[in-house]
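Visitor: Pasting the sequence and the predicted model now:
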Amino acid sequence: MAAYAKTNTFYISIWFWLILGVECYDGWSNHTLTIYTGGSVTIPCYYDKKYTQQKKYWFSGIDKSKTYTNTTEQNLSVIDHPDQSLFTVTMRNLQNKHTGNYYCVVETGEQPPIKTIYEPYLKIQSAPYVFVVNSSVSGHEGGDLSVQCFYSSGYKNKSKQWCRYKDQSCYTVGRTDTSQNSSVQVSDDDGGRSFTVLMTGLRLIDSGWYWCSAGEALSSVHITVAEAKPGTVSDKENQTAILKNHNNETKETEKPPNNEPLIVWLLPALAALLLLLILVGVFTWRLRRRPKQDKHHIRGRNGSRTTDMIYSKPEDPVILYSTINDEIPHDPNNDITYSIIDDVPRSEVMKSPAGENTETARIDQILSCTCTPL
């Protein structure tokens with residue numbers, strides 16, 4: 001069955017070259033892409049820069065259909081990338097009926113008018129001979145990345161390689177190749193079911209399409225290398241920086257707790273206390289500034305007369321007596337006020353005729369005196 005498939009492929013290729021006048025690109029034949037049933041695949045088709053403006057298409061050897069670039073259908077997309085000098089073909093929901101030969105073609109506008117730039121053979125399988133879990137891997141400039149390629153047990157003794165589509169440069173298991181700042185190491189894993197590709201010191205030019213293969217079976221992988229931002233370091237330096245940051249964070253956690261909440265509560269309390277002290281000070285100052293009452297007011301009443309006696313401090317000998325006749329309040333003749341200023345020492349004023357120390361006796365004496373109106 002395998003021999004029949006190979007023979008059939010050979011005759012299809014001969015028919016394609018003879019009928020359409022296609023020039024085949026020698027290095028890109030005999031590639032078998034293995035894909036899971038119901039899965040998808042993206043195939044890169046690199047072309048010479050001189051064909052940037054020329055028409056390109058994807059040709060199916062199964063139904064003889066042509067799909068030109070920049071066409072998107074439900075299960076097929078063909079997109080041109082002139083800045084990268086390639087167009088990509090993405091096929092989705094692949095079934096056994098899609099197994100067969102396909103061609104990446106450029107209409108050169110020269111002789112011959114058609115040029116095949118890639119001729120892959122797609123094999124749809126429930127258990128692919130070679131496959132990758134992730135067909136798109138990214139890294140950053142100066143960093144590292146790894147890709148794990150799986151293969152079936154029947155390919156254990158086949159040659160394993162990691163190759164670049166653009167220039168078909170390949171790296172083999174057990175051999176390390178170094179080019180400028182980047183290096184590639186391919187190592188067969190224990191158990192004989194996969195091999196790992198490690199790319200270190202990545203450069204921007206390492207972006208592109210690769211394949212991992214075991215024998216003639218291969219699986220496509222797209223690598224994206226992002227430009228390093230200012231301050232970006234290699235993975236080892238990154239690990240050192242992370243360790244330093246961890247140590248610094250540990251030291252910071254050992255510092256005394258932040259007292260900011262305590263200060264937030266303490267400041268209003270101090271302000272309130274200060275305001276209280278100011279109010280107490282002002283109240284005390286006003287009390288001290290209030291004038292002392294240095295006079296005493298004594299008022300006595302005898303019948304219809306009211307006598308006010310105002311005297312000064314004990315050491316002041318001057319005493320003022322005031323007599324008001326309020327017996328007839330509306331009589332102008334009786335509404336007369338008499339004042340007697342008696343320069344008598346306070347000690348004598350306070351004595352009564354009977355020798356009693358009272359002011360009442362003195363007041364009665366004054367009231368009993370007969371005064372002649374002026």
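Guide: Thanks, I have it. Note that this is a predicted model, so its numbers are computed, not measured.
Visitor: Low-confidence ranges, the stretch 51-200 of the chain, go.
Guide: The stretch 51-200 of the chain contains residues with pLDDT under 70 at 175-182, 190.
Visitor: Could you rerun that using 50?
Guide: 178-181 (pLDDT under 50).
Visitor: Please enumerate the strands of the stretch 151-300 of the chain.
Guide: 160-164, 170-172, 176-179, 182-188, 194-200, 208-214, 217-226, 296-302 (DSSP state E, counting those that start in this stretch).
Visitor: Each with direction, which strands does the second one pair with?
Guide: Strand 170-172 pairs in its sheet with strand 160-164 (antiparallel), by DSSP bridges.
Visitor: send the alpha carbons of the partner strand over as PDB?
Guide: What follows is strand 160-164, C-alpha atoms only, in PDB (Å, rounded to 0.1, in the frame of the first residue of the first chain):
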ATOM      1  CA  LYS A 160      16.000  12.700  14.200                       C
ATOM      2  CA  GLN A 161      16.500  16.300  13.100                       C
ATOM      3  CA  TRP A 162      15.500  19.900  13.800                       C
ATOM      4  CA  CYS A 163      15.500  21.900  10.500                       C
ATOM      5  CA  ARG A 164      14.700  25.400   9.400                       C
END
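Visitor: between it and strand 217-226, how big is the angle?
Guide: 50 degrees (axes from the mean of the first three to the mean of the last three Cα atoms, to 10 degrees).
Visitor: Just the residues contacting strand 160-164, thanks.
Guide: With contact meaning Cβ atoms under 8 Å, 6 or more residues apart in numbering, strand 160-164 is reached by 147, 149, 151, 169-173, 184, 186, 188, 195, 197, 208-214, 218. Every C-beta, even on glycine, is put in place using the N, C-alpha and C of the backbone.
Visitor: Give the buried subset of the residues you listed as a ChimeraX selection command.
Guide: Command for ChimeraX, covering only those of these found buried under the criterion 16 or more other Cβ atoms under 10 Å:
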select :147,149,151,170,171,173,184,186,195,197,208,209,210,211,212,213,214,218
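Visitor: domain assignment for this structure?
Guide: What the record gives for the chain is the domain set 2-125, 130-228, 296-367, from automatic domain parsing.
Visitor: show me where pLDDT drops low in the stretch 201-350 of the chain?
Guide: 234-236, 239-243, 246, 250, 253-254, 256, 293-329, 335-336, 338-344, 346-350.
Visitor: if I look at the residue nearest to residue 226 when sequence neighbours are not counted, how far off is residue 154?
Guide: Setting aside the residues directly before and after it, residue 226 is nearest to residue 140 in space (Cβ to Cβ, 6 or more residues apart in numbering), at 4.9 Å. Residue 140 sits 37 Å away from residue 154, going by Cβ to Cβ, to the nearest Å.
Visitor: Check residue 282 too.
Guide: Computed with Cβ to Cβ, the distance linking residue 282 and residue 154 is 103 Å.
Visitor: do the same with residue 129
Guide: 7 Å.
Visitor: So for the two, which sits in the more crowded spot?
Guide: Higher neighbour count among residue 129 and residue 154: residue 129, with 21 against 11, using other Cβ atoms under 10 Å.
Visitor: how about the more buried one, what does it touch?
Guide: 32, 34, 123, 151-152, 154-155, 214-215, 217.
Visitor: Distance to residue 227 added to the residues you listed, as a markdown table?
Guide: Shown next, in a markdown table, are the contacts of residue 129 (distance: Cβ to Cβ, whole Å):
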| residue | distance to residue 227 |
| --- | --- |
| 32 | 35 |
| 34 | 34 |
| 123 | 37 |
| 151 | 34 |
| 152 | 38 |
| 154 | 42 |
| 155 | 37 |
| 214 | 33 |
| 215 | 37 |
| 217 | 34 |
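Visitor: Would you write out the ChimeraX command that picks the buried residues out of those?
Guide: The ChimeraX command for the buried members of the contacts of residue 129 (criterion: 16+ other Cβ under 10 Å) is given here:
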select :32,34,123,151,152,155,214,215,217
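Visitor: Can you tell me which of the contacts of residue 129 is closest to residue 277?
Guide: Checking those against residue 277 by Cβ to Cβ gives residue 151 as the nearest, at 88.0 Å.
Visitor: Pairing partners for the nearest residue to that closest one once chain neighbours are set aside in the sheet, please.
Guide: Spatial nearest neighbour of residue 151, chain neighbours left out: residue 214 (4.0 Å); criterion: Cβ to Cβ, 6+ apart. Residue 214 has these beta-bridge partners by DSSP bridges: residue 160, residue 217.
Visitor: Would you agree residue 214 is in contact with residue 154?
Guide: No. Taking contacts as Cβ atoms under 8 Å, residue 214 lies outside contact range of residue 154: 9.2 Å.
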